[in-house]
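> Provide a 3D model corresponding to the input given below.
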Amino acid sequence: MNKARTTILQALSRYALPVLYVTVIMRLIIDTYMPDDITTYTIACLAAECGLFALFEWLKNKKIMRVVVYILLSVLVGYVFSMFISAGFDASRKSYMDWFYVDAQTVGRVDQYFYGTMIFMAYFLTSIVYYFTMIRYRASGTMLAMLYPLFIYAKRADTIPDLELTVLITVFLALMVHSRLMSAENKSRVMVNRQYAAAVALFVAVVGAVTMFLPGTDAKSKLEADKTYFDLTFRNRSDYDELSDLSSLRFGSNDEGVELFRMVTDSNDTIHYLRRQGFDRIIENERWEEDRDFNDNFNLENMHYSENELNSPYFMYYTMQDLAKTGRYTDLGLDAKYYPDDLYSESFMMHLYTMEEFSPRYMPAPLTVDVVTIKDHYKIPHGEIYPKAIYDNQEAPELNFSFDYFSDEDDAGRLAQEQGLSQTDFLHILDAAVENGDLEPEVASNVTKLLGYYTDLSGYAPSKKLTKLSEDITRDCETDYDKAKAIERYFEENGFRYDKEYVPKDESIDYFLFTSKRGSCTSYATSMTLLARLSGLPARYVEGFAAFDRDKNNEYIIRDSHAHAWVEVYISGYGWMTFDPTPSSYQLESNDGSGSFDLSWILKYLGRIAVVIGVVVVIVFVLLMDLILELCFRISLRFKNNTERILRLYRRTLKLLEASSGEKLSGYTPHELLEFMKDKRGAELSVVIELFEYTCFGGHEPTDEEWEKAYSVYKTEFKKLRKQRAENKNEAVFR
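Predicted coordinates:
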């Protein structure tokens with residue numbers, strides 16, 4: 001039994017750190033590709049590493065066999081890896097390199113790729129670490145294993161959390177010290193005990209503490225700052241210059257706070273939503289795509305409206321105003337007082353210009369832009385139901401022009417709320433107007449198609465919880481506008497937090513809405529668009545810029561960090577209106593720190609302090625473990641009678657002598673033990689031994705005075721009992 005215990009302890013002291021090192025590395029890799037069940041896969045990797053270490057150790061002295069077995073095992077692992085990769089491609093039709101390098105939001109989850117990669121990585125990294133720690137000590141070789149997760153995170157433009165990085169470096173440093181001392185090339189004898197472990201831990205803690213508290217830099221590499229850097233370099237264009245078929249990624253931030261352009265306006269609004277483009281359909285991973293064939297769904301050829309009117313966001317307002325003035329639709333709820341002539345009578349000027357090279361092929365402008373003032377600069381595709389202006393030429397000039405827009409969406413929303421038209425009422429009015437000859441059939445047909453198109457979720461399967469949430473939020477709402485405002489307010493009023501850097505373990509909208517309640521504008525806009533459509537409201541997801549940061553000259557500065565996503569809802573009888581569900585705190589966090597107190601650096605250093613404190617606690621516990629156990633023993637004596645006390649004191653003395661000498665002493669008689677103490681430790685405990693014999697063999701019950709005298713002698717001689725002599729310090733030694 002004692003031999004088995006010694007063997008286990010020796011194995012742990014020799015192999016624990018190398019195996020722990022590989023496990024920490026594999027956990028980082030698992031967290032990158034399969035964050036849903038890190039613990040299970042980490043345990044599986046740990047078991048595989050232990051098995052490989054045992055196999056390699058068994059083959060260590062079999063020179064020919066170990067080469068043959070390793071080659072065969074490598075071929076087998078390579079074959080299994082290739083089979084998983086082939087199966088992954090057949091199942092997903094996605095490139096393995098895309099899956100390996102690109103974030104999961106873009107590529108998605110491919111289980112076969114993950115399993116193949118984990119098998120290969122566990123085998124490869126375990127082989128490297130075993131060879132460079134057990135066969136031939138090379139610090140540079142061991143460091144190669146640590147570079148793998150760093151390389152993967154860097155290529156995916158991801159960041160390893162401070163705590164996990166600290167653990168990785170700590171284990172690496174401890175392994176370096178341990179491997180050097182334990183290597184076959186080190187001829188000195190090394191004792192592996194608590195003092196040795198404490199010395200290694202102390203070294204690692206000091207180095208870790210110094211490196212963690214050294215001031216860092218806020219500078220980012222091009223790849224850290226922009227995940228699309230390589231693609232954009234080859235295109236030689238800014239990411240913000242182009243339109244896209246897909247909406248932005250829902251997690252992570254690529255911005256650097258770089259100024260893109262400036263804006264001057266004579267409006268008093270505090271925030272301006274400058275559209276980039278809208279997206280129509282939700283696809284996998286809960287991102288949005290623009291429907292390039294959108295206008296094919298509408299009959300536009302026979303409409304007798306000018307390009308200006310057709311693309312005007314307030315086109316429906318004027319259409320309903322004309323119908324209301326006839327007085328023929330009052331019984332259907334259409335009242336002329338809710339369509340005053342002066343609602344869109346006052347326009348505002350907006351001037352956009354760039355101080356650097358910013359040449360967007362789209363027009364960053366409000367939804368209510370007056371398209372007449374931009375048609376000389378931009379081409380507006382004929383028949384667009386909503387305004388999207390692009391440059392007619394392939395190469396767009398730098399941004400520098402003015403246009404007019406209207407700033408009456410709030411007033412339009414108030415009127416829509418007061419009138420209270422439902423979609424059913426709205427469609428009845430359009431049908432009646434067509435019958436009376438007051439409205440062209442194509443207009444009613446197109447509006448009906450639009451309402452159906454932007455409430456469609458046929459490509460998405462919402463959960464029951466999401467559907468119920470939409471019902472709960474809008475249950476007491478009477479109008480379309482009331483519903484949209486209720487959904488918009490839901491996020492601000494229910495503990496949601498804006499955090500553009502947060503990357504959740506679960507990327508679903510349900511996790512965002514019901515668990516984390518934390519994310520960037522893209523998650524808020526996606527959630528509101530889905531909730532609106534589930535509530536029967538036509539809605540679309542929109543991306544652009546939120547302009548709110550003004551300098552001392554009252555000019556708006558629009559940076560890449562001001563890129564924003566929001567929602568546009570089609571309100572019955574009024575048309576598209578803007579809604580922003582993201583908590584207003586984003587305006588402070590996106591403003592490059594101005595006007596807000598950033599607590600992130602405090603939290604960052606508090607986390608580092610916690611790590612250092614944890615390491616110090618471990619060191620103190622290791623160093624003082626004997627004393628802590630002794631203190632617990634002495635406290636326990638207070639709750640015993642004198643007979644139990646002296647018996648426990650004798651057993652404790654025996655344990656201390658066995659631990660310090662490394663010899664088995666349970667077979668010694670009390671007198672033999674007394675002689676052993678005198679000879680080996682120079683300790684005199686005759687009073688304790690005699691009282692033990694009287695009590696144990698003579699049935700004597702010690703008095704308080706006798707106990708106190710024996711206990712006092714024990715405390716005096718305690719240091720001699722636990723002290724190890726130099727010749728007994730090599731019980732667990734490896735050359």
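> For D111, give me its contacts.
Contacts for D111 (Cβ atoms under 8 Å, 6 or more residues apart in numbering) come out as G88. Using the backbone N, CA and C atoms, a C-beta is placed for each residue, glycine as well.
> just the helices in the stretch 351-500 of the chain please.
409-419, 423-435, 441-453, 464-474, 480-493 (DSSP state H, counting those that start in this stretch).
> Need the winner for burial among those.
helix 480-493 (a mean of 21; mean count of other Cβ atoms under 10 Å).
> hang on, the earlier thing: okay, the helices of the stretch 351-500 of the chain in a markdown table with distance to E543 next?
Output for these, formatted as a markdown table (distance: least, Cβ to Cβ, whole Å):
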| stretch | distance to E543 |
| --- | --- |
| helix 409-419 | 18 |
| helix 423-435 | 26 |
| helix 441-453 | 19 |
| helix 464-474 | 22 |
| helix 480-493 | 17 |
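> low pLDDT regions in the stretch 351-500 of the chain?
Scanning the stretch 351-500 of the chain for pLDDT under 70 picks out the ranges 375-397.
> hmm, I was thinking of the stretch 151-300 of the chain
155-158, 178, 180-239, 252-254, 292-300.
> about what we covered before: please name whichever of the helices of the stretch 351-500 of the chain is nearest to L17.
Checking those against L17 by Cβ to Cβ gives helix 464-474 as the closest, at 45.7 Å.
> before we move on, back to that, which one, of the helices of the stretch 351-500 of the chain, ends up nearest to Y70?
Across these, closest to Y70 is helix 464-474 (Cβ to Cβ), at 51.7 Å.
> Mind giving me the packing neighbours of that closest one?
helix 480-493, helix 509-511, helix 521-534 (3 or more Cβ pairs under 8 Å, 6 or more residues apart in numbering; DSSP states H and E).
> Counting by contacts, list what the first one packs against.
Read that as helix 480-493. helix 409-419, helix 464-474, helix 521-534, strand 563-571, strand 575-579.
> CSV please, covering the ones you listed and showing distance to A336.
As requested, these are exported to CSV (distance: least, Cβ to Cβ, whole Å):
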stretch, distance to A336
helix 409-419, 10
helix 464-474, 28
helix 521-534, 28
strand 563-571, 18
strand 575-579, 17
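> closest one to E57 among the ones you listed?
E57 lies closest to helix 521-534 among those, at 49.5 Å (Cβ to Cβ).
> So which other helices or strands are in contact with that closest one?
On a contact count with 3+ Cβ pairs under 8 Å, 6+ apart, helix 521-534 meets strand 281-282, helix 464-474, helix 480-493, helix 509-511, strand 539-547, strand 563-571.
> who does the fifth one pair up with?
Sheet neighbours of strand 539-547, with direction, are listed as strand 272-279 (antiparallel), strand 563-571 (antiparallel) (DSSP bridges).
> what pLDDT does the most centrally placed residue in the chain get?
By Cα atoms, centre = their mean, the chain has its centre lying nearest to V503, at 2.5 Å. Model confidence at V503, given as pLDDT, is 81.
> need the strands for this structure, in chain order.
Using DSSP state E, the strands of the chain run over residues 259-265, 272-279, 281-282, 288-289, 348-353, 400-405, 497-498, 518-519, 539-547, 556-559, 563-571, 575-579.
> State the distance from the residue nearest to the centre of the chain to L367.
31 Å (Cβ to Cβ, to the nearest Å).
> again, but for L72
Taken as Cβ to Cβ, the span from L72 to L367 is 67 Å.
> More neighbours: which of those two?
L367 (23 against 10; other Cβ atoms under 10 Å).
> so that one sits right up against R275, yeah?
Yes: between L367 and R275 there is a contact under Cβ atoms under 8 Å: 6.1 Å.
> nearest to F676, of the helices of the stretch 351-500 of the chain?
Closest approach to F676 among the helices of the stretch 351-500 of the chain (Cβ to Cβ): helix 464-474, 71.7 Å.
> between the closest one and helix 480-493, how big is the angle?
110 degrees (axes from the mean of the first three to the mean of the last three Cα atoms, to 10 degrees).
> Helix 464-474 vs helix 521-534, what angle?
80 degrees.
> which residues are in contact with helix 464-474?
Helix 464-474 is contacted by residues 482-483, 486-487, 490, 509-510, 513-514, 530-532, 534-535 when judged by Cβ under 8 Å, 6+ apart.
> and if you look at stretch 38-48?
With Cβ under 8 Å, 6+ apart as the test, stretch 38-48 has contacts from 19, 22-23, 26-27, 30-31, 34, 118, 122-123, 126.
> Flag the least confident of these.
Minimum pLDDT across these falls on M34, with 79.
> Give me the neighbour count for the nearest residue to it once chain neighbours are set aside.
Nearest non-adjacent residue to M34, counting by Cβ to Cβ, 6 or more residues apart in numbering: F114, 5.3 Å away. Using other Cβ under 10 Å, F114 has 19 neighbouring residues.
> Quick check: the residue sitting furthest away from the middle of the chain vs D291, distance?
Centroid-distance maximum for the chain: G698 at 70.1 Å, with Cα atoms, centre = their mean. Going from G698 to D291 by Cβ to Cβ gives 99 Å.
> E164 now?
42 Å.
> How about D342?
Taken as Cβ to Cβ, the span from D342 to D291 is 36 Å.
> residues of stretch 554-573 that come out buried?
556-573 (16 or more other Cβ atoms under 10 Å).
> likewise stretch 574-581?
Buried-residue list, stretch 574-581, by 16+ other Cβ under 10 Å: 574-581.
> Skipping adjacent residues, who's closest to V713 in space?
V687 is the one closest to V713 (Cβ to Cβ, 6+ apart), at 4.8 Å.
> Now do the same for the residue nearest to M34: its pLDDT.
pLDDT, read off for F114, is 89.
> again with N642
89.
> Could you break the chain into its assigned domains?
Domain assignment for the chain by automatic domain parsing gives 2-186, 193-225+599-636, 244-596, 640-735.
> which of these sits most buried?
The most buried one of the domains of the chain (mean count of other Cβ under 10 Å) is domain 244-596, showing a mean of 18.
> Centre of the chain to that domain, how far?
29 Å (Cα atoms, centre = their mean, to the nearest Å).
> For Q321, which residues are in contact?
Taking Cβ under 8 Å, 6+ apart as the test, what Q321 contacts is 336, 339, 341.
> which residue sits closest to the second one in space, ignoring its chain neighbours?
Here the nearest residue to Y339 in space, its sequence neighbours aside, is Q321; by Cβ to Cβ, 6+ apart that works out to 3.8 Å.
> Tell me if I'm right that the residue nearest to M34 and T32 touch.
No: counting by Cβ under 8 Å, no contact exists between F114 and T32, whose distance comes to 9.8 Å.
> Of the helices and strands packed on helix 480-493, which is nearest P149?
helix 521-534 (26.8 Å).
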